[in-house]
Structures are given as C-alpha cells and as structure tokens.
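**Student:** only geometry, no sequence info:
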C-alpha cells in the first residue's frame, strides 16, 4: 500500500513526533542543548513557527504552524543531518515522523499539555516543567528560559491578559490533566496522522488539506439498488 502524503493545510497547527533509534537515544542527553539550538536555527530557516517542544529519551515532540507545505519535513531533515554529523552515524530516526493537524482552542492546549508532560508519562519525571528539555518551564512560569524564538499560539495567548495570568492558567490546566477521551483522540490522530478537532473542523480541513483527513470506512460500500430494478424473487 502506498504511503499517504504528509498531511498539510495552510495556516494550520501541527503536532509532530519523531522517534529516535536506540543508538541515537543513548546519546540524547549529551546533545540536548545542541538539539534545541538546531531546532531554533532550522525553524527560522524553513519558516516553522514553533509553539512548544519537548525532548525525551526516545523522541522529539513539536507543536508548530508551518508557513508552507515542506516546512516540517525540512526541519526534521535538518535535525537528522545535524544529529548524524555530530554522532558520526548514519540513520538517527526510527522511521518517518508522525504528525496531525490540530484545531485551535482546546485541542491546541491539549496538544501542548500532552507534549510538555510526555516525559512524565514516558519516564516518570514528576515535575517536567523544571527540566530544561522542553518549553514547559516557560509556559508555566517556573523557569526563566530563552523562549524568545518561540511563537505563542493564540490558544495559549488567550489564557490571560498578562504573561503571569497565562502562566497561572496554564499551570492549572496542566494540573487538571487531559481527560481520557481527549487523550485517546489525540493519540489516534497522531498515530494515524489525521485531524485532531471537532466534526466541523474535520469538514473544513477536508476542503483545504492536500489529502484526505480521516480514515476511510472499513468494508465495501453498500450497493444502492435502483428503484426501477425489481427486487430478486425469494
């Protein structure tokens, strides 16, 4: 079966996940500071507005809005080249990266919370916002990070009128966590590389995206019998 093209829609946020090969992951802690610099440089060069990011022992997670269809791919490729050159090895990523389109509002915030708390879910880190390996510290206000290169998404900006209000409200949302339904929908959208949003957003994306935005229905389509055709005799 042919692989689906990368899902893209103009001016639409994407949640991106790229997994590391084991031989890359063992060196990740040593190059995390470099990875942040490489991400910053590549995002600027290829016009990717990064809203949030996180590095774990196994993967790189990014929430961003690309300015053009190839922006995400170009940034991931640049990261791969830099890692491979620094570690002097061949392939560094475990297959293709995964991504999904994300609706503004609660779905973007859910993606931010999931992304910035992923290290807690994966490695059991109790307070990921205190680590310098993600944008969580800046968004919650518990760390003074150099986040000037990030571009806050409107969904985060609307949490309050001042940075302190936004950070306080975001801390509350992180403490509340994601509901089971939202978590399942987010995981399914990312793994399937579809759309994360409500029915109206899915319909909207279907008209502007570069390919289909939801999985096809299983099974063969039902045959529609022409009314003029007599029903078979029993």
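**Tutor:** Yep, it's here. From a predicted model like this one, the values you see are computed outputs, not experimental measurements.
**Student:** Scan this structure for its longest helix.
**Tutor:** helix 28-46 (DSSP state H).
**Student:** Quick check: mean pLDDT of it?
**Tutor:** On average, the pLDDT along helix 28-46 is 91.
**Student:** right, and the helix or strand after it?
**Tutor:** strand 48-55 (DSSP states H and E).
**Student:** after the lowest-mean-pLDDT helix or strand in the chain comes which helix or strand?
**Tutor:** When the helices and strands of the chain are compared on mean pLDDT, DSSP states H and E, helix 118-123 comes out lowest with a mean of 55. Scanning forward in sequence from helix 118-123 by DSSP H and E, the next helix or strand is helix 136-140.
**Student:** Which other helices and strands does that following helix contact?
**Tutor:** Under the contact criterion of 3 or more Cβ pairs under 8 Å, 6 or more residues apart in numbering; DSSP states H and E, helix 136-140 touches helix 106-116, helix 163-176. Any C-beta I mention is one placed from the backbone N, CA and C, and that applies to glycine too.
**Student:** Now do stretch 135-154: distance from first to last residue.
**Tutor:** End-to-end distance of stretch 135-154 (Cα to Cα, to the nearest Å): 16 Å.
**Student:** do the same with stretch 51-64
**Tutor:** With Cα to Cα, one end of stretch 51-64 sits 5 Å from the other.
**Student:** again, but for stretch 114-133
**Tutor:** End-to-end distance (Cα to Cα), stretch 114-133: 15 Å.
**Student:** just stretch 190-207 next, same as before
**Tutor:** Start-to-end, stretch 190-207 (Cα to Cα) is 20 Å.
**Student:** Pull out the buried positions in it.
**Tutor:** Neighbour-count burial for stretch 190-207 flags 190, 193, 194, 195, 196, 197, 201, 202, 204, 205 (criterion: 16 or more other Cβ atoms under 10 Å).
**Student:** residues in contact with residue 89?
**Tutor:** Listed by Cβ atoms under 8 Å, 6 or more residues apart in numbering, the contact set of residue 89 reads 23, 24.
**Student:** and it, what element?
**Tutor:** Per DSSP H and E, there is no helix or strand for residue 89.
**Student:** just to revisit the earlier point, now do the longest helix of the chain: which elements does it pack against?
**Tutor:** strand 48-55, strand 59-66, helix 71-87.
**Student:** Point out the one among those that comes closest to residue 114.
**Tutor:** strand 59-66 (8.5 Å; Cβ to Cβ).
**Student:** Where does pLDDT dip in this structure?
**Tutor:** Within the chain, the segments meeting pLDDT under 70 span 1-2, 119-132, 144-147, 217-234.
**Student:** Tell me the buried residues in the helix or strand where residue 187 lies?
**Tutor:** Using DSSP H and E, residue 187 falls within helix 180-192. Neighbour counts using 16+ other Cβ under 10 Å place 182, 185, 186, 189, 190 of helix 180-192 among the buried residues.
**Student:** Surely the first one and residue 110 touch.
**Tutor:** Yep, that's residue 182 we're talking about. Yes - judged on Cβ atoms under 8 Å, residue 182 makes contact with residue 110 at a distance of 5.2 Å.
**Student:** what angle sits between the helix holding residue 187 and strand 59-66?
**Tutor:** 90 degrees (axes from the mean of the first three to the mean of the last three Cα atoms, to 10 degrees).
**Student:** Burial check on the closest residue in space to residue 48 that isn't next to it in sequence, number of neighbours?
**Tutor:** Residue nearest to residue 48 in three dimensions, not counting chain neighbours: residue 71, with 4.5 Å by Cβ to Cβ, 6 or more residues apart in numbering. Residue 71 is flanked by 21 other residues according to other Cβ atoms under 10 Å.
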